[in-house]
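A.B. asks: Have a look; sequence and predicted model below, questions after that.
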Amino acid sequence: MEKNRRSRKVQIQALLKSAAVAALLMNSGILHGQTAGPLVPKDIILICWDGLDRSVLRELLDKQKLPNLKSLIDEGSLQDIEVAGHVTVTKPSHAEMLTGLDTATTGVYSNAVYRPIPEGCTIFERLQSHFGGPQAIRTIFLAGKTAHVGGRSPEEIKQAMERQQKQRQKLAAVARRGQRANPPSPRIAAGADDTLFSREGEPFYLTRKHLDVFDAIQREASAAGLLCLKYLDQYKADRFFAFLHFSDPDHAGHRSGIDSQEYRQAAIEDDGWLGKIKEWLQRENLSDKTLLYVTTDHGFDEHGSSHADAPHAWLATNDKKVTRGGIIADIPATILERYGVDVKSLEPKLIGIPLEGEAPQRSLARPPIPVAKLLASLPSAEELFALLDLNRDGKITPDEFPRPRLFQRLDLNRDKTITREEAEKVLSKRAKKSPAYPLFLLPNEVARLNAPVRPEESGHFDSPASPFGHV
Ligand SMILES: [Zn+2]
Ligand SMILES: [Zn+2]
């Protein structure tokens, strides 16, 4: 009896000991790729197919057009992800995707109203501090857009915009010589607010210096895919976390609409690159040690060519522990937890919750951006008039500034025009923040607002190839 009890005690001690050793090994990353999938994966790759709507994704899966995504889903699952808490556009969605935080904490409210994400808040930096420094985990950030997933400083943005300005002046001169028969009516071009608002630096400006690779530049899938393989190969010997961004579905959607073949073709091409990444993992014997998450930042409007109200995203993964859908912030929370980070203890607090167990009760609302934030991002009254008073009559009308909430704030006497005095009165009262370059728009920019906008030229699509991506 006594002997039995003692031997049981010994057994339990042995068990505890081996559990402790296993936990140690898990944390050091030695134990992985065994039996029922990795305990702590060596590597995680997060891929974003920008702007691929859930409905089209499901259609293409049904038609067996995405064989590589299908095989990933067969290993794990496909989940519904909703864009909540902010407008359904690229900048705030990526800030959320790579931090798990809300807009108030990241400061990234929309494509136009944003600031750099505070240092230490991204998955990359959290993992570095979890594993004990940048040598302990390699971090790769590869994006196919320059601005909305970018990390440029105010100075770099200014230089790029000045270059664009010059290009546009040249184009405008050419167009003038060509005598346009039907000059278009004045309007704010889609994405023009990219140039309207002040800058402290792009969302990942404070992040980029901490990473092994930060490469964000406008590029097509064919270029992005090759670079994915190059960077992965460079860091394969070490533990790594890679974020790989493909911009093509978004661009095709804006050019040709959600119903187009071009939009579908972009997804099919991204799937091809997923296949190449999976083949590479196989070749390098990393398949069992690597979790893959493929997702998007927003959908597209029904039958549309924009994504003003497009919250239907998705997540495909080989992570068997993912058993439910959620919001974008749940994806970084899941990734951090898989690497062994105690997600609940993080500060600032994540809004994301790992994608397993009971789905939490929470609001999927997308509240408007606080007017104070919008106002703070406007330039001075003088610059505002240079930009918006298209007919130079000293007044800004709703036609010239089709942003009702801001218009109302500036139109103090509610007579449907903003005078210079009104603008000065409102804008001079703002809290004085002094970003290095509060406004990059030159008066000639007005010419651009009058010009017809090809989607690829609109600010929405970021600037053309720029050397600033390679920092
Ligand atoms: Zn996007
Ligand atoms: Zn877009």
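C.D. replies: Arrived safely. Ligands and ions are numbered 1, 2, ... in the order given.

A.B. asks: So what sits opposite residue 396 in the bridge?
C.D. replies: Beta bridges link residue 396 to residue 418 when assigned by DSSP bridges.

A.B. asks: Can you give me the neighbour number for it?
C.D. replies: 23 (other C-beta atoms under 10 Å). From N, CA and C alone the C-beta is placed, and that goes for glycine too.

A.B. asks: so what's it up against?
C.D. replies: Counting by C-beta atoms under 8 Å, 6 or more residues apart in numbering, residue 396 touches 384, 385, 388, 389, 407, 410, 417, 418, 423.

A.B. asks: Tell me the pLDDT of it.
C.D. replies: For residue 396, the pLDDT comes out at 93.

A.B. asks: Same question for residue 179.
C.D. replies: pLDDT recorded at residue 179 is 57.

A.B. asks: do the same with residue 301
C.D. replies: 96.

A.B. asks: Give the closest residue to residue 413 in space, chain neighbours not counted.
C.D. replies: Computed as C-beta to C-beta, 6 or more residues apart in numbering, the closest residue to residue 413 that is not its neighbour in sequence is residue 422, at 7.4 Å.

A.B. asks: Would you mark the buried spots in the helix or strand encompassing that neighbour?
C.D. replies: Per DSSP states H and E, residue 422 falls inside helix 420-428. Within helix 420-428, the residues scored as buried using 16 or more other C-beta atoms under 10 Å are 422, 423, 424, 426, 427.

A.B. asks: Packing partners of it?
C.D. replies: With contacts taken as 3 or more C-beta pairs under 8 Å, 6 or more residues apart in numbering; DSSP states H and E, helix 420-428 sits against helix 381-388, helix 404-410.

A.B. asks: weakest of these by average pLDDT?
C.D. replies: Comparing mean pLDDT over these, the weakest stretch is helix 381-388, at a mean of 82.

A.B. asks: Make sure I have this right: residue 313 is in a helix.
C.D. replies: No: counting by DSSP: H, G, I helix; E, B strand; the rest coil, residue 313 falls outside a helix, being strand.

A.B. asks: Who's the closest spatial neighbour of the residue nearest the centre of the chain, skipping the chain neighbours?
C.D. replies: For the chain, residue 94 is the residue whose C-alpha lies nearest the centre (C-alpha atoms, centre = their mean; 2.1 Å). Excluding the flanking residues, the one nearest residue 94 by C-beta to C-beta, 6+ apart is residue 149, at 5.1 Å.

A.B. asks: Tell me who's in contact with that neighbour.
C.D. replies: 90, 91, 94, 143, 203, 204, 216, 245.

A.B. asks: Can you narrow the residues you listed down to the ones near ligand 1?
C.D. replies: Checked against ligand 1 using C-beta under 5 Å from the ion, these yield the following neighbours: residue 90.

A.B. asks: So which of the contacts of residue 149 are in helices?
C.D. replies: 90, 91, 94 (DSSP state H).

A.B. asks: Write out the residues of the chain neighbouring ligand 1.
C.D. replies: Residues of the chain lying near ligand 1 (C-beta under 5 Å from the ion): 50, 51, 90, 250, 297.

A.B. asks: Tell me which helix or strand the fourth one sits in.
C.D. replies: Take DSSP H and E as the rule and residue 250 turns out to sit in helix 248-256.

A.B. asks: any residues touching that helix, and which ones?
C.D. replies: The set of residues external to helix 248-256 that reach it, using C-beta under 8 Å, 6+ apart, is 49-53, 90, 144, 220-221, 260, 262-263, 265-267, 269-270, 296, 300, 305-307, 455-456, 460-461.

A.B. asks: Kindly write the PyMOL command that selects the buried subset of the residues you listed.
C.D. replies: The buried residues among those can be selected in PyMOL (16+ other C-beta under 10 Å) with this line:
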select buried, resi 49+50+51+52+53+90+144+221+263+266+267+269+270+296+300+305+306+307+455+460+461
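
A.B. asks: And the spatially closest residue to residue 92 that is not a sequence neighbour, how close does it get to ligand 1?
C.D. replies: Distances taken as C-beta to C-beta, 6+ apart place residue 86 nearest to residue 92, at 4.0 Å, with adjacent residues excluded. To ligand 1, residue 86 is 12 Å away according to C-beta to the ion, to the nearest Å.

A.B. asks: Pull the contacting residues for residue 86.
C.D. replies: Contacts for residue 86 (C-beta under 8 Å, 6+ apart) come out as 92, 93, 96, 103, 109, 110, 366, 369.

A.B. asks: relative to helix 248-256, how tilted is the helix or strand hosting the third one?
C.D. replies: Just to be clear, that refers to residue 96. According to DSSP H and E, residue 96 maps onto helix 90-97. Put simply, helix 90-97 runs at 160 degrees to helix 248-256, going by axes from the mean of the first three to the mean of the last three C-alpha atoms, to 10 degrees.

A.B. asks: okay, the ones in helices among the contacts of residue 149 in TSV with pLDDT next?
C.D. replies: As requested, the ones in helices among the contacts of residue 149 are exported to TSV (pLDDT from 0 to 100):
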residue	pLDDT
90	95
91	94
94	98
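
A.B. asks: which of those residues lies closest to ligand 1?
C.D. replies: residue 90 (3.2 Å; C-beta to the ion).

A.B. asks: mind listing what the closest residue to the closest one other than its chain neighbours touches?
C.D. replies: Nearest in space to residue 90, with sequence neighbours left out and distances taken as C-beta to C-beta, 6+ apart, is residue 148 at 3.9 Å. The neighbourhood of residue 148, defined by C-beta under 8 Å, 6+ apart, consists of 89, 90, 91, 94, 111, 462.

A.B. asks: My guess is the third one contacts residue 107. True?
C.D. replies: No: proximity of residue 91 to residue 107 does not meet the contact threshold set by C-beta atoms under 8 Å, at 10.6 Å.

A.B. asks: In terms of neighbours, single out the busier of those two.
C.D. replies: Neighbour count, other C-beta under 10 Å: between residue 91 and residue 107, residue 91 has more, with 27 against 19.

A.B. asks: helix, strand or coil for the residue nearest to residue 90?
C.D. replies: At residue 148 the chain is in coil, as set by three-state DSSP.

A.B. asks: how about residue 207, phi and psi?
C.D. replies: phi -90, psi -40 (degrees, to the nearest 10).

A.B. asks: Please apply the same query to residue 77.
C.D. replies: The phi/psi pair for residue 77 (degrees, to the nearest 10) reads phi -160, psi 170.

A.B. asks: what's the answer for residue 47, then?
C.D. replies: Dihedral angles (degrees, to the nearest 10) for residue 47: phi -110, psi 140.

A.B. asks: Contacts only, for it.
C.D. replies: Counting by C-beta under 8 Å, 6+ apart, residue 47 has contacts 243, 244, 245, 246, 274, 277, 292, 293, 294, 295.

A.B. asks: hang on, isn't the fifth one packed against residue 72?
C.D. replies: It refers to residue 274. Yes: counting by C-beta under 8 Å, residue 274 touches residue 72, with 7.2 Å between them.
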